[in-house]
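J.: Fold the following and give me the result.
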Amino acid sequence: MCFGKTLNWQKLSNSGDTLKLMVPSCSRKAISGWNNYPGMVTSHEMNENEMGYRGSKSVTNLNVILTILTIFAVLNFAALESTNEFCFIQAVAPVLFYDNADKDKINILKENNSKSGVYRWVHKDSGKCYVGSSINLGKRISYYYNINSLMKNKRIISSALLKYGYSDFSFEILEYCDPANCLEREQYYIDLFDPEYNILKLRVQV
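T.: The predicted model follows:
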């Protein structure tokens, strides 16, 4: 009985050229054992032009892969726009943002006078916040800038403003709304942010 060797062609990972692998057939391995007939490897010679051509193919393949990954990233981002995560990002964007509640005091009071809506104090170092609402934002905000009023009040946000100072806080108008909807919209943002400085977390009975 004749036992031949099988020919396998394998591609080099770095050049694209092929290797001819001479390995024992299954019948020979079964009878004689693999160790007695190790496989032999031969390859064709390549000149410099061929090597350069093979290398260019590798670069081309890399560019194709990068293009595919870019397209995938764009499509993935487009899909994200329709998800709840993207809606969440849009939902928390404030209407107005004041980075320094001390330096921006005049603008905060002026730009929100006689308006109704939902606001938020944010301690910049810790990220802790307070969410509130008012049918008269100008009047409510003025209260926070009254040191005597803060000292008489036992709320956590009052103590925090006195302790850290206004410059350590940013101030946001989360949204302007109809006076009749202030408490409902405040509850929405309380549920969304779970603010640490709020004592009462339920303003609207469900």
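
J.: How are the helices of the chain distributed by residue range?
T.: 26-32, 48-80, 84-91, 105-111, 137-144, 147-152, 156-164, 182-193 (DSSP state H).

J.: quick one, the fifth one and helix 156-164 angle?
T.: This means helix 137-144. 50 degrees (axes from the mean of the first three to the mean of the last three CA atoms, to 10 degrees).

J.: Quick one: list the elements packing against helix 137-144.
T.: helix 105-111, strand 117-123, helix 156-164 (3 or more CB pairs under 8 Å, 6 or more residues apart in numbering; DSSP states H and E). Every residue, glycine included, has its C-beta placed from N, CA and C.

J.: and among those, the most buried is which?
T.: strand 117-123 (a mean of 23; mean count of other CB atoms under 10 Å).

J.: Direction included, what does that strand pair up with?
T.: Strands that pair with strand 117-123, judged by DSSP bridges, come out as strand 129-134 (antiparallel), strand 169-176 (antiparallel).

J.: coming back round to it: now mean pLDDT and distance to Asp194 too, for the helices and strands packed on helix 137-144, in TSV please.
T.: Formatted as TSV, the helices and strands packed on helix 137-144 follow (pLDDT from 0 to 100; distance: least, CB to CB, whole Å):
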stretch	mean pLDDT	distance to Asp194
helix 105-111	97	24
strand 117-123	98	12
helix 156-164	97	14
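
J.: These: which one's closest to Val131?
T.: strand 117-123 (5.1 Å; CB to CB).

J.: for the helices and strands packed on helix 137-144, which one sits closest to Lys139?
T.: helix 105-111 (9.8 Å).

J.: And for Ser142, nearest residue in space, chain neighbours not counted?
T.: Distances taken as CB to CB, 6 or more residues apart in numbering place Leu109 nearest to Ser142, at 6.4 Å, with adjacent residues excluded.

J.: who are the neighbours in contact with the one you found?
T.: Leu109 makes contact with Gly138, Ile141, Ser142, Tyr145, according to CB atoms under 8 Å, 6 or more residues apart in numbering.

J.: Write the ChimeraX selection for whichever of these are buried.
T.: Only the buried members of the contacts of Leu109 enter the following ChimeraX selection, criterion being 16 or more other CB atoms under 10 Å:
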select :141
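
J.: So which of the contacts of Leu109 is the closest to Lys105?
T.: Tyr145 (6.3 Å).

J.: Was I right to think the closest one contacts Ile106?
T.: No. Applying CB atoms under 8 Å, one finds Tyr145 not in contact with Ile106, separated by 10.3 Å.

J.: what do those two both touch?
T.: Contacts common to Tyr145 and Ile106, judged by CB under 8 Å, 6+ apart, are absent.

J.: about what we covered before: just so I know, which of the strands paired with strand 117-123 lies nearest Glu196?
T.: Per CB to CB, nearest to Glu196 of the strands paired with strand 117-123: strand 129-134, 6.8 Å.
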